[in-house]
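Chemist: Fold the following for me, if possible:
(one chain, ligands or ions: 1)
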Amino acid sequence: MDLPVLTPGQFDLVSNGFSLAIAAMGAGFIYFVLVRGQVAPAYRMALTVSALVVAIAFYHYIRIFESWAAAYVLEGGMYVASGKPFNDAYRYVDWLLTVPLLLTEAVLVLRLKKGSGGMIARLSIAAVLMIVTGYPGEVATDTATRLIWGTISTIPFLYILYVLWVELGRSLPAQPEKVRVLVRNLRLLLLATWGVYPIAYLAPVFGFDGAGAAVALQTGYTIADVLAKPFFGAMIVWIAFEKTRADGWQPADARGSAAGAAAD
Ligand code: RET
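Modeler: Got it, this is the predicted structure:
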């Protein structure tokens with residue numbers, strides 16, 4: 001991506017977004033690790049995967065933040081390109097690892113009777129294809145190349161939505177009522193946040209000028225990442241809690257006090 005001249009306000013908006021993402025990913029990691037023992041063992045793998053996702057993103061956002069800071073210098077009151085490139089690849093490498101993991105955690109927490117392994121594999125392959133084909137368009141400087149790769153990348157994206165809505169939908173009647181509502185909300189959150197990525201991707205194609213497009217794209221991706229990783233993970237925790245309750249499982253400390261109370 002070309003680096004347009006930015007006002008201090010524009011430069012800081014993007015920097016502050018990266019900083020917020022670092023904090024949200026780090027906090028998410030601590031939360032997912034701490035809360036893991038409070039859900040039934042069957043759902044712990046989903047929480048472990050959530051913790052991995054935010055750990056990977058925590059690292060990448062530090063690199064993105066550094067790369068952004070190094071790519072600009074303040075000259076005469078404006079931020080101009082320093083000559084060091086801004087590395088867009090960190091985001092795509094991050095997605096390559098985290099998007100299959102996010103899909104995995106969503107399927108794992110449901111504990112489907114059969115077929116979850118195959119579903120995770122198909123979703124992961126589609127996610128990798130979506131990201132790998134999106135990248136050449138992301139780094140292209142002309143609109144036509146951006147649109148062609150963007151269109152190709154949309155095919156696996158639609159396939160993922162199909163699997164989550166149609167195939168996963170079939171498993172819903174077997175889930176407890178509260179879980180059904182949560183899964184519906186989880187899918188809506190997924191659609192609302194994942195939908196931001198292709199829109200942010202198109203920012204340079206829509207009428208935005210260079211600076212406006214760069215700021216819209218970076219802040220758009222950052223907000224979507226915070227919703228799609230730690231926030232989405234928190235919803236997975238919530239589903240795991242509901243399923244734990246429906247299964248009648250209690251953590252050892254609660255069991256201990258219940259047994260103690262019964263003995264009194
Ligand atoms: C691209 C290219 C243009 C077409 C489409 C895209 C979709 C990207 C998505 C990314 C999701 C990333 C997530 C990351 C967070 O952890 C590659 C921008 C459809 C859906 C969830």
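
Chemist: what does the stretch 51-200 of the chain have sitting close to the ligand?
Modeler: 95, 98-99, 102, 130-131, 134, 150, 153-154, 157, 194, 197-198 (Cβ under 6 Å from any ligand atom). C-beta coordinates here come from the backbone N, C-alpha and C atoms, glycine included.

Chemist: one more time with 8 Å, if that's ok
Modeler: Residues of the stretch 51-200 of the chain lying near the ligand by Cβ under 8 Å from any ligand atom: 53, 57, 92, 94-95, 98-99, 102, 127, 130-131, 133-135, 137-138, 149-151, 153-154, 157, 160, 190, 193-195, 197-198, 200.

Chemist: Please pick the buried ones from those residues.
Modeler: With burial judged by 16 or more other Cβ atoms under 10 Å, the buried subset of those is 53, 57, 92, 94-95, 98-99, 102, 127, 130-131, 133-135, 137-138, 149-150, 153, 157, 160, 190, 193-194, 197, 200.

Chemist: What residue in the protein comes nearest to the ligand?
Modeler: As assessed by Cβ to the nearest ligand atom, the ligand sits closest to G134 within the chain, at 2.5 Å.

Chemist: And the pLDDT for that residue?
Modeler: The model reports G134 with a pLDDT of 97.

Chemist: A234 now?
Modeler: For A234, the predicted pLDDT is 96.

Chemist: which stretches of the stretch 51-200 of the chain form strands?
Modeler: With strands called from DSSP state E, counting those that start in this stretch, the stretch 51-200 of the chain shows them at 72-75, 78-81.

Chemist: Please name the nearest non-neighbouring residue to F206.
Modeler: Leaving aside its sequence neighbours, F206 sits nearest to A213 (Cβ to Cβ, 6 or more residues apart in numbering; 7.8 Å).

Chemist: L202 is in contact with the one you found, correct?
Modeler: No - A213 is not in contact with L202 according to Cβ atoms under 8 Å; the separation is 9.5 Å.

Chemist: Any chance of a markdown table for the strands of the stretch 51-200 of the chain, columns mean pLDDT and mean neighbour count?
Modeler: Shown next, in a markdown table, are those (pLDDT from 0 to 100; neighbours: other Cβ atoms under 10 Å):
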| stretch | mean pLDDT | mean neighbour count |
| --- | --- | --- |
| strand 72-75 | 98 | 14 |
| strand 78-81 | 98 | 17 |
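
Chemist: Nearest to A234 among those would be which one?
Modeler: Ranking the strands of the stretch 51-200 of the chain by proximity to A234 (Cβ to Cβ) places strand 72-75 first, at 33.3 Å.

Chemist: List the strands paired with that closest one, with their directions.
Modeler: The pairing partners recorded for strand 72-75 under DSSP bridges are strand 78-81 (antiparallel).

Chemist: hmm, who's touching the partner strand?
Modeler: For strand 78-81, the surrounding residues in contact (Cβ atoms under 8 Å, 6 or more residues apart in numbering) are L3, V5, L6, T7, P8, Q10, F11, A71, Y72, V73.

Chemist: Apart from its chain neighbours, what residue comes closest to the fifth one?
Modeler: This points to P8. Y79 (6.6 Å).

Chemist: hang on, isn't P230 packed against A27?
Modeler: Yes - assessed by Cβ under 8 Å, P230 is found in contact with A27 at 7.1 Å.

Chemist: So which of these two has more stuff around it?
Modeler: Ranked by neighbour count (other Cβ atoms under 10 Å), P230 and A27 place P230 first, with 24 against 13.

Chemist: For the closest residue to the more buried one other than its chain neighbours, give me its contacts.
Modeler: Among residues not flanking P230 along the chain, G28 sits closest, at 3.2 Å (Cβ to Cβ, 6+ apart). Neighbour list for G28: S50, A51, V54, K229, P230, G233, A234 [criterion: Cβ under 8 Å, 6+ apart].

Chemist: got a pLDDT number for G28?
Modeler: Here, the pLDDT recorded for G28 equals 98.

Chemist: what helix or strand is it on?
Modeler: Using DSSP states H and E, G28 maps to helix 8-35.
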